[in-house]
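Asks: Provided below for reference: sequence and predicted model.
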Amino acid sequence: MDRKPTNVQKITTRKTHPSPAFARRMHTTPKSFIREILKVTENPEIISFAGGLPNPGLIDVEGLAQAAAEVFASDGRTALQYSTTEGYIPLRRFIADRYKKRLGLEISPDEILITNGSQQCLDLIGKVLIDPGDKILIERPGYLGAIQVFSLYEPVFIPVNLDADGPDVAAFESAVSGYDPKLFYCIPNSQNPSGITYSAACRKTCAGILKNTSTIIVEDDAYGELQFQGKSLPPLKKYLPDQTILTGSFSKIMAPGMRLGWVCAPREIMDQLVIAKQASDLHSNYLSQRIASCYLEESDLDAHVGRIRATYREQANTMIDAMQDALSEDVSWSQPKGGMFVWVTLPVGCPAMDVFTEALKKQVAVLPGIPFYVDGGGTDTLRLNFSNATPARITEGIERLGKVLQSFNQ
Ligand code: PMP
């Protein structure tokens, strides 16, 4: 058989075909702007504040390697088999126990589903709860990854501005009563991108407004363990347990490449999430779950998280100090109490996209805030990540950014 011409023919045919008729949802789903930018910043010469990578020095490679060796040696055949959709029970028990210990939350392991990173929780929630046209209340600015994944289910986003201590309460109240949203998606701890943490009072007020409504809260707690200033505050789940879906992640406290997250949901919702998860990928990577579980049994997670917090506090302080020295008074920024980001508001005459382009010429990558806005806006904002650069590079990068901003004033 002459295979070569057949292949050539196939390639030619593909090239001349019109685009496939993509599903309607693909027309409403934005490309991840961050992924596009990260492609530009892969060059190691560039000081990148654009991504959202945890500090690689804080991944306990030796500890994880040891746990992996133990799992392979003691139970390799089971660890490499198919497994249950809900996830490895000892890992779910560990998560439940930690909620009890850290936050006094009573969550049964049955109410926890292990997912492929916490990003998958958002996809499953979309599958189970969002019909086209459903209204979703979202923070403004809001997490780009949630905007992207929820967009697949064609909702209508209702953005609510964030103040320094949480959503603008008056706007929040009127959006809840005016739109009767299906979901309220929020990140009360070290919000991505703004870096703000809701105050205790604001959490209570938001919960009070949502009580006795049919709105389901999707509380994304990807950064709850990374708080380096002040004590942990109660999650919204504590106020409205039957109305809240809480998501969490091992990405920032263990290793993002293991792709392990979880969702805690009231049983009725959990049953549906399990069906959606089964249909989607049968179960999360079982080997990863077993290694994580073994690692958590044998290591001191509190001590490890303590090291992460101390390092991030230092990196954040370095960035803020450098900004105080290098940026003019008309630039303002958030004071993060945790997480991985500082949110910058630029002065008039410094469009974020132009700042991005000029900064890149000086080998510094910053992230314009625009894609975090579902309704336009953010053209004068930047998100800066401090967790993935050494203090020396943070200072150097901010000095270069200062020079770029000065050049706009000349
Ligand atoms: N939620 C938020 C707020 C995030 O910032 C991220 C990661 N950037 C995620 C969810 C998803 O993280 P993962 O899937 O690694 O748990």
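Replies: Now that the structure is in, tell me what you want to look at.

Asks: thought residue 91 was touching residue 295?
Replies: No. Between residue 91 and residue 295 there is no contact under C-beta atoms under 8 Å: 10.2 Å. C-beta: built from backbone N, CA, C; applies to glycine.

Asks: residues near whichever residue of the chain sits closest to the ligand, how many?
Replies: Closest to the ligand within the chain is residue 117: 2.6 Å, counting by C-beta to the nearest ligand atom. The tally of other residues near residue 117 (other C-beta atoms under 10 Å) stands at 22.

Asks: how about it, what does it touch?
Replies: 249, 251, 256, 259, 260, 261 (C-beta atoms under 8 Å, 6 or more residues apart in numbering).

Asks: so how many other residues sit close to the last one?
Replies: Translated: residue 261. Residue 261: 24 neighbours (other C-beta under 10 Å).

Asks: enumerate the beta-bridge partners assigned to it.
Replies: residue 115, residue 249 (DSSP bridges).

Asks: which residues does it contact?
Replies: Residue 261 neighbours (C-beta under 8 Å, 6+ apart): 114-121, 222, 247-251.

Asks: with distance to residue 401 added, can I get these in JSON lines?
Replies: Shown next, in JSON lines, are these (distance: C-beta to C-beta, whole Å):
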{"residue": "114", "distance to residue 401": "40"}
{"residue": "115", "distance to residue 401": "36"}
{"residue": "116", "distance to residue 401": "35"}
{"residue": "117", "distance to residue 401": "30"}
{"residue": "118", "distance to residue 401": "30"}
{"residue": "119", "distance to residue 401": "29"}
{"residue": "120", "distance to residue 401": "34"}
{"residue": "121", "distance to residue 401": "34"}
{"residue": "222", "distance to residue 401": "26"}
{"residue": "247", "distance to residue 401": "33"}
{"residue": "248", "distance to residue 401": "33"}
{"residue": "249", "distance to residue 401": "29"}
{"residue": "250", "distance to residue 401": "32"}
{"residue": "251", "distance to residue 401": "27"}
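
Asks: just flag the most distant two among the residues you listed.
Replies: Using C-beta to C-beta, the contacts of residue 261 span at most 15.2 Å, a distance reached by 114 and 222.

Asks: can you pull out the helices in the stretch 251-400 of the chain?
Replies: Using DSSP state H, counting those that start in this stretch, the helices of the stretch 251-400 of the chain run over 267-281, 286-298, 301-326, 352-361, 391-409.

Asks: next, count neighbours for residue 183.
Replies: Residue 183 has 22 neighbours, counted by other C-beta under 10 Å.

Asks: just checking, it touches residue 215?
Replies: Yes. When contacts are counted by C-beta under 8 Å, residue 183 is listed as touching residue 215 (6.7 Å).

Asks: what's the burial count for residue 23?
Replies: 10.

Asks: and what of residue 240?
Replies: Neighbours of residue 240 (other C-beta under 10 Å): 20.
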